[in-house]
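# here is the input, now give the coordinates:
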Amino acid sequence: MSVRKEITEYSGIYFITFTCCRWLPLFEICNGYDSVYKWFDYLKKKGHYITGYVIMPNHVHALLAFRNTQGQSINAIVGNGKRFMAYELVQRLQKLGHHDVLTQLSSFVNKNEKLKGKLHEVFEPSFDWKECSSDKFLEQKLNYIHENPYRGKWSLVQQPQDYVHSSARYYLSGQQGIYEVLNYMELENIDLSKALLD
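Numbers count the residues shown, from 1 in each chain. Take a look at the predicted model:
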């Protein structure tokens, strides 16, 4: 389900996918994987939970448990995260001298957005989401996430747990990888509808 539609729920577990513009491998080109981790850190500070993820060279899949967002739509939260990551990726591309890639990203900006001052189109405008309303569906999405670098056209690793930018290691061996996640089963004891007290 492509998100042009507002996510009206303000808490729950969602399978979120967003993609670099035209599927360019921007995370790989500028080693920008940590820009996603910084966004995850921000989400955690706001009381949300990262329960699973994979950062591929050109897209991200994540299982995010949103705690009461106090009226802010999940669309806005993800949109702001993409904006933050885009800014960082563009800075890195500039620093690394990838002017050809920056020219491409600039050419992807539509006329209306250019008039508003937008310089680069780093991500596809919409993102995909599915609410995870059962453990079975959640486990299906976790398996899909973790097998992404291992199967199909990618074949980046011999085993899913070998891919460092993924929560597979934690779910398959019990050892946290380079980014700590919360096991989705621990969410059973957390009321996501309650807002955090500041």
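# setting aside sequence neighbours, what's the nearest residue to residue 11?
Counting by Cβ to Cβ, 6 or more residues apart in numbering, residue 192 is the residue found nearest to residue 11 once chain neighbours are left out, at 4.0 Å. All C-beta spots, glycine's among them, are computed from the backbone N, C-alpha and C.
# tell me the secondary structure for the one you found?
coil (DSSP: H, G, I helix; E, B strand; the rest coil).
# which residues in the protein form helices?
26-29, 33-45, 74-96, 99-107, 111-115, 135-147, 168-173 (DSSP state H).
# contacts only, for the closest residue to residue 183 other than its chain neighbours.
Nearest residue to residue 183 in three dimensions, chain neighbours excluded: residue 51, at 7.0 Å (Cβ to Cβ, 6+ apart). Residue 51 sits next to 13, 63-65, 138, 167, 181-184, 187 when contact means Cβ atoms under 8 Å, 6 or more residues apart in numbering.
# can you flag the buried ones in the residues you listed?
Those of the contacts of residue 51 that meet the buried threshold are 13, 63-65, 138, 167, 181-182, 184, 187, by 16 or more other Cβ atoms under 10 Å.
# residue closest to the middle of this protein?
residue 60 (4.4 Å; Cα atoms, centre = their mean).
# mind listing what that one touches?
Here residue 60 is in contact with 16-19, 27, 36, 53-54 (criterion: Cβ under 8 Å, 6+ apart).
# quick check, nearest of the residues you listed to residue 133?
residue 16 (15.0 Å; Cβ to Cβ).
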